[in-house]
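Peer 1: Give me a model of this one.
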Amino acid sequence: MIKRHLLLVGAPGCGKTTVARRTAELLRDRGAEIFGFWTGEIRERGARIGFDIESLSGDRAIMAHVGFKGGPSVSKYGVDVEAVNRIAVAEIRRALREARPAAILVIDEIGKMELFSAEFRDAVTTAIGGPLRVLATAMTKPHPFVDALKRRPDVETVAITTTNRDRLPELLAAELTKAS
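Peer 2: Model (predicted):
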């Protein structure tokens, strides 16, 4: 049996978000109650210019953009920490308030941009310690917060690669369904 929480890790572009989304779809098809949020690229004429964030309840915002100035940044992207709080933190708190104990919370992603928010770090910590199962994607590079999550005895780290990403959603959904 797998551990209570799953942390999907891998190199950028390996398919972490795709695995998380597909696993969530399969779980929903099997009747699971799903909460959470996704992040995604914003592209203009083929070039990445930012990232958006969207909750499963339908709220959406631009989380980071090349045009955002003043405040935290990752590479060329300015980060809107308030967007993280409005969308990701609000969705995690909603799940903790409204979900049945067998529900699954999908967090995509626990990365540099999201971790600028102290509220986000607190919400993730509360969720991992709470009654819900968590399926999250996370950065591979060392970071004190993510490293601490990886060391938790109730968190299983699953490495996503181009060779395993297509078969993982079915395997993860089957395990999460059995364990719920």
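Peer 1: CA only for contacts and neighbour counts going forward, please
Peer 2: OK.
Peer 1: With just CA atoms, put the longest helix along the chain into CSV.
Peer 2: In the chain, assigned by DSSP state H, the helix with the most residues is helix 16-29. Output of helix 16-29 as CSV, limited to C-alpha atoms (Å, rounded to 0.1, in the frame of the first residue of the first chain):
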residue,chain,number,x,y,z
LYS,A,16,4.3,16.1,-13.5
THR,A,17,1.2,18.3,-14.1
THR,A,18,0.0,15.9,-16.8
VAL,A,19,0.3,12.9,-14.5
ALA,A,20,-1.5,14.8,-11.7
ARG,A,21,-4.3,16.0,-14.0
ARG,A,22,-4.9,12.6,-15.5
THR,A,23,-4.8,10.9,-12.1
ALA,A,24,-7.4,13.4,-10.8
GLU,A,25,-9.6,12.7,-13.9
LEU,A,26,-9.4,9.0,-13.3
LEU,A,27,-10.2,9.4,-9.6
ARG,A,28,-13.2,11.7,-10.4
ASP,A,29,-14.4,9.1,-12.9
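Peer 1: Each with direction, which strands does the helix or strand just after it pair with?
Peer 2: Remark: after helix 16-29, the chain's next helix or strand is strand 34-44, criterion DSSP states H and E. Partner strands for strand 34-44, per DSSP bridges, with pairing direction: strand 47-55 (antiparallel), strand 104-110 (parallel).
Peer 1: any idea of the mean pLDDT for the last one?
Peer 2: When pLDDT is averaged along strand 104-110, the result is 96.
Peer 1: can you list contacts of it?
Peer 2: 17, 20, 24, 32-39, 92, 95, 132-139, 146 (CA atoms under 8 Å, 6 or more residues apart in numbering).
Peer 1: Okay, now the unreliable bits of this protein?
Peer 2: 1, 179-180 (pLDDT under 70).
Peer 1: This protein: helices as residue ranges?
Peer 2: 16-29, 81-84, 90-98, 118-129, 144-151, 168-179.
Peer 1: The longest one - contacts with which helices or strands?
Peer 2: This means helix 16-29. strand 5-9, strand 34-44, strand 104-110, strand 133-138, helix 168-179 (3 or more CA pairs under 8 Å, 6 or more residues apart in numbering; DSSP states H and E).
Peer 1: what do you get if the cut-off is 7 Å, keeping everything else the same?
Peer 2: helix 168-179 (3 or more CA pairs under 7 Å, 6 or more residues apart in numbering; DSSP states H and E).
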